[in-house]
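J.: coordinates for the following, if possible.
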Amino acid sequence: MLSEITPVATLPTADLSKARGFYERTLGLAPQREGMGGVTYTCGDGSVFVYESSSAGTNKATAVSFTVAMTAFDNEVAALRGKDVSFMTFEAEGLEWKDGVASMGDVMKAVWFTDPDGNILNITAGEM
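T.: Okay, here's the model as predicted:
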C-alpha cells in the first residue's frame, strides 16, 4: 500500500550544478546517490531528488515542506538568513507575519523560500 511508503519529493532544475550548491551548501543536505540525471538527498525518513528539466521553476505552489520541532525553528530560520535566504510572504487567512515568518499564535510558525529555479520550499513548526 502506498500509505506505507515514504515518498520522494522531486524537484526540477535548469542547472544541476547551481542547484547542488544551494541544496548542499545553503541547506546543508548531503548527496546520497547520483544518477538518472540528478542527485538524491536523504532528509529524515524521506528524500529529495533534484534533476535537470526544461520545466524547472514552473510550479507556483509549495513543492517541499520540512517539519521541525518548535524549539528548532528559530535556529533553522537564523541559519538560512545567515546564508542570505530571503523569505516570501503572501495573503492567507489566519496567518500573522513578522520579518518573513508566518505564525498562528503559539501553535504554528512557518517560512517559505525558493531555490535557484524558483521551486518553493517551506519550513514549518507546530500544526498547520
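J.: please make it C-alpha for all contacts and neighbour counts, starting now.
T.: Will do.
J.: what number of residues lie near the closest residue to Pro116 other than its chain neighbours?
T.: Nearest non-adjacent residue to Pro116, counting by C-alpha to C-alpha, 6 or more residues apart in numbering: Ala19, 6.4 Å away. Ala19: 22 surrounding residues under other C-alpha atoms under 10 Å.
J.: Ala19 against Leu11, yeah?
T.: No. Applying C-alpha atoms under 8 Å, one finds Ala19 not in contact with Leu11, separated by 9.9 Å.
J.: common neighbours of the two, please.
T.: The contact sets of Ala19 and Leu11 overlap at Val50 (C-alpha atoms under 8 Å, 6 or more residues apart in numbering).
J.: count of residues packed around the spatially closest residue to Met108 that is not a sequence neighbour?
T.: Of all residues not flanking Met108 in the chain, Gly126 sits nearest, at 4.4 Å (C-alpha to C-alpha, 6+ apart). The tally of other residues near Gly126 (other C-alpha under 10 Å) stands at 17.
J.: and Gly126, how far is that from Thr6?
T.: Computed as C-alpha to C-alpha, to the nearest Å, the Gly126 to Thr6 distance reads 21 Å.
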